[in-house]
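>>> For reference, the sequence and a predicted model appear below.
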Amino acid sequence: MRRVRITSRRRAGFTMLESLVVLALIALAAGMSSQLLRPPSARLRLESSARSFCATLRATRSRAIATNGEAAVIVDLFNKSYASPVGGVGQFPADAALTLDVASTQQLSERSGAITFFPDGTSTGGDMTLQLLEARATIAVNWLTGEASCALA
């Protein structure tokens, strides 16, 4: 009796499906890496910073009302930062131009000032402008109501 040897020969290489999966993964990785390598736009950085500052102002006002005591947000134009008893220390973009207009009693130095909130919800008020390239944000705190408004242009 003779034995017949059956051998199956597979061709070396990849199937079409395997190739498509690899190409899809490469395209996905390339798409994600391009977003991670590109720095955020100036407008986006300014908008994020302005919204964060407005949120800190609102939280500080709420704290003053809740604790029945004064609470202040201190803005340092030299270091481009702000400090609050609620939110801690925050930063403005390093390349932003800042202006702060507060009451003379709240002017702590030539380059710093404060916006103080009182237990009844009122404040000392103030206006701040942030400008970064073509983007501009204006933050206003109403002295009578203590409400902070944030406008982006």
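Here it is on my side, so go on.

>>> Flag the shaky bits of this structure, pLDDT-wise.
1, 4-11 (pLDDT under 70).

>>> Show me the strands in it, by range?
Taking DSSP state E as the test, the strands found in the chain are 71-76, 81-84, 88-91, 97-102, 107-109, 112-117, 126-132, 135-141, 148-152.

>>> So which of those strands is the most surrounded?
strand 112-117 (a mean of 23; mean count of other C-beta atoms under 10 Å). Glycine gets a C-beta too; all of them are placed from N, C-alpha and C.

>>> helices and strands around that one, which ones?
helix 42-67, strand 71-76, strand 97-102 (3 or more C-beta pairs under 8 Å, 6 or more residues apart in numbering; DSSP states H and E).

>>> now the strands of the chain as CSV including distance to residue 27?
Converted to CSV, the strands of the chain look like this (distance: least, C-beta to C-beta, whole Å):
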stretch, distance to residue 27
strand 71-76, 46
strand 81-84, 41
strand 88-91, 36
strand 97-102, 41
strand 107-109, 54
strand 112-117, 49
strand 126-132, 34
strand 135-141, 32
strand 148-152, 35
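
>>> And those: which comes nearest residue 59?
Using C-beta to C-beta as the measure, strand 81-84 is the one of the strands of the chain that comes nearest residue 59, at 7.2 Å.

>>> For that closest one, which strands pair with it and how are they oriented?
strand 71-76 (antiparallel), strand 88-91 (antiparallel) (DSSP bridges).

>>> Residues in contact with the shortest one: which ones?
I take that to be strand 88-91. 49, 52-53, 56, 80-84 (C-beta atoms under 8 Å, 6 or more residues apart in numbering).

>>> Measure how far it is from the centre of its chain, please.
11 Å (C-alpha atoms, centre = their mean, to the nearest Å).

>>> Same question for the first one.
Here strand 71-76 shows a centroid-to-chain-centroid distance of 19 Å under the convention C-alpha atoms, centre = their mean.

>>> Residues in contact with it: which ones?
Contacts for strand 71-76 (C-beta under 8 Å, 6+ apart): 56-57, 60-61, 63-64, 81-86, 98, 100, 108, 111-117, 128.

>>> mind running it again at 7 Å?
Under the contact criterion C-beta atoms under 7 Å, 6 or more residues apart in numbering, strand 71-76 has outside partners 56-57, 60, 63-64, 82-85, 100, 108, 111-117, 128.
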